[in-house]
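Enquirer: I'd like to go over a predicted model; first the sequence, then the structure.
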Amino acid sequence: QVQLVESGGGLVQAGASLRLSCAASGGTFSSYAMGWFRQAPGKEREFVAATSRGGSRKRYADSMRGRFTISRDNAKNTVYLLMNSLRSEDTAVYYCATKTAVSYVVYDRGVDYDYWGQGTQVTVSS
């Protein structure tokens, strides 16, 4: 059983930056593909960013590319999401997710993931 715990959310002004962290426990972190998703009030969950199990491959949603950066530290069993130039429309609960990956694949669909964290709230004031 894998457990994921997100942290780093908060209330910031538009234009600011935040770095989210997701610490994993259970299993072998280096064998997991990792992803970040978000869900705003009244909206469906959407893909934000994902990384392959080794971290060499990454994918971003179009609206986040260039502003958000996903990274991972396999020694710390942690994946990060650095968010720059935040906008009010980035306000959402951010979730990390993981699945055991058999190859260096990046997954951008929520249904592909097996385990989810509880989420961390990010609120951007304009």
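Expert: Received it, and whenever you're ready, just let me know what you need. Bear in mind that the values here come from a model prediction, so they are computed numbers and not experimental data. Numbers count the residues shown, from 1 in each chain.
Enquirer: What sits closest to the residue most central in space within the chain if chain neighbours are left out?
Expert: With distances taken as Cα atoms, centre = their mean, residue 36 lies nearest the centre of the chain, 2.3 Å away. For residue 36, ignoring the flanking residues on the chain, the nearest one in space by Cβ to Cβ, 6 or more residues apart in numbering is residue 48 at 4.2 Å. The way it works is simple: take the backbone N, C-alpha and C, and place the C-beta from them, glycine included.
Enquirer: Check residue 64 too.
Expert: residue 48 (5.7 Å).
Enquirer: Enumerate every residue touching the one you found.
Expert: 35-38, 60-61, 64, 68, 81, 94 (Cβ atoms under 8 Å, 6 or more residues apart in numbering).
Enquirer: Could you measure from residue 104 over to residue 36?
Expert: Distance of residue 104 to residue 36, given as Cβ to Cβ, to the nearest Å: 18 Å.
Enquirer: err, residue 76, not the other one
Expert: 17 Å.
Enquirer: cool, and residue 66?
Expert: 16 Å.
Enquirer: Likewise for residue 17?
Expert: On the measure of Cβ to Cβ, residue 17 and residue 36 end up 15 Å apart.
Enquirer: what bits of this structure have low per-residue confidence?
Expert: By pLDDT under 70, the chain has no low-scoring segment.
Enquirer: returning to that earlier point: pretty sure the residue nearest to the centre of the chain is touching residue 96, no?
Expert: Yes. Between residue 36 and residue 96 a contact is recorded at 5.6 Å, counting by Cβ atoms under 8 Å.
Enquirer: Need the overlap of contacts for those two.
Expert: 20, 22, 79, 81.
Enquirer: Tell me who's in contact with the last one.
Expert: Shown here is residue 81, whose contacts under the criterion Cβ under 8 Å, 6+ apart are 19-20, 22, 36, 48-49, 68-70, 94, 96.
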